[in-house]
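S.K.: would you be able to build a 3D model of this:
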Amino acid sequence: MNEYAIYLVIATIGCLVLVVAELKSHRLGLWKNVRLALIWLAIFAGLYLLTVWFLMAQDTTSALI
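M.R.: Numbers count the residues shown, from 1 in each chain. Next up, the predicted model:
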């Protein structure tokens, strides 16, 4: 970890606090919140896997050339 890692951790916690506060203001039920969290998790996981796949394909292509 470098010297800026603590700022990243603090910023991440701050963002999570803001998200939780915003969700509480909508007064959604527990299961609705869980469903929304799982949907967003699936979206970000899919984007992450797509990015990793693209970078691996790009490295493979550059190795062949």
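
S.K.: ramachandran coordinates for residue 3?
M.R.: Dihedral angles of residue 3 (phi, psi; degrees, to the nearest 10) stand at phi -70, psi -20.

S.K.: just give me the neighbour total for it.
M.R.: Neighbour count for residue 3, taken as other CB atoms under 10 Å: 6. C-beta here means a position set from N, CA and C on the backbone, and glycine is covered the same way.

S.K.: tell me the spacing between it and residue 14.
M.R.: 19 Å (CB to CB, to the nearest Å).

S.K.: just the CA trace of stretch 34-52, in PDB.
M.R.: Provided in PDB are the C-alpha atoms of stretch 34-52 (Å, rounded to 0.1, in the frame of the first residue of the first chain):
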ATOM      1  CA  VAL A  34     -31.400  -6.500  -1.500                       C
ATOM      2  CA  ARG A  35     -32.800  -7.100  -5.000                       C
ATOM      3  CA  LEU A  36     -31.400  -3.700  -6.200                       C
ATOM      4  CA  ALA A  37     -28.000  -4.400  -4.600                       C
ATOM      5  CA  LEU A  38     -27.800  -7.800  -6.300                       C
ATOM      6  CA  ILE A  39     -28.800  -6.300  -9.700                       C
ATOM      7  CA  TRP A  40     -26.100  -3.600  -9.300                       C
ATOM      8  CA  LEU A  41     -23.600  -6.300  -8.200                       C
ATOM      9  CA  ALA A  42     -24.400  -8.300 -11.300                       C
ATOM     10  CA  ILE A  43     -24.000  -5.200 -13.600                       C
ATOM     11  CA  PHE A  44     -20.600  -4.300 -12.100                       C
ATOM     12  CA  ALA A  45     -19.400  -7.900 -12.100                       C
ATOM     13  CA  GLY A  46     -20.400  -8.300 -15.700                       C
ATOM     14  CA  LEU A  47     -18.500  -5.100 -16.700                       C
ATOM     15  CA  TYR A  48     -15.500  -6.200 -14.800                       C
ATOM     16  CA  LEU A  49     -15.500  -9.600 -16.500                       C
ATOM     17  CA  LEU A  50     -16.000  -8.000 -19.900                       C
ATOM     18  CA  THR A  51     -13.000  -5.700 -19.200                       C
ATOM     19  CA  VAL A  52     -10.800  -8.500 -18.100                       C
END
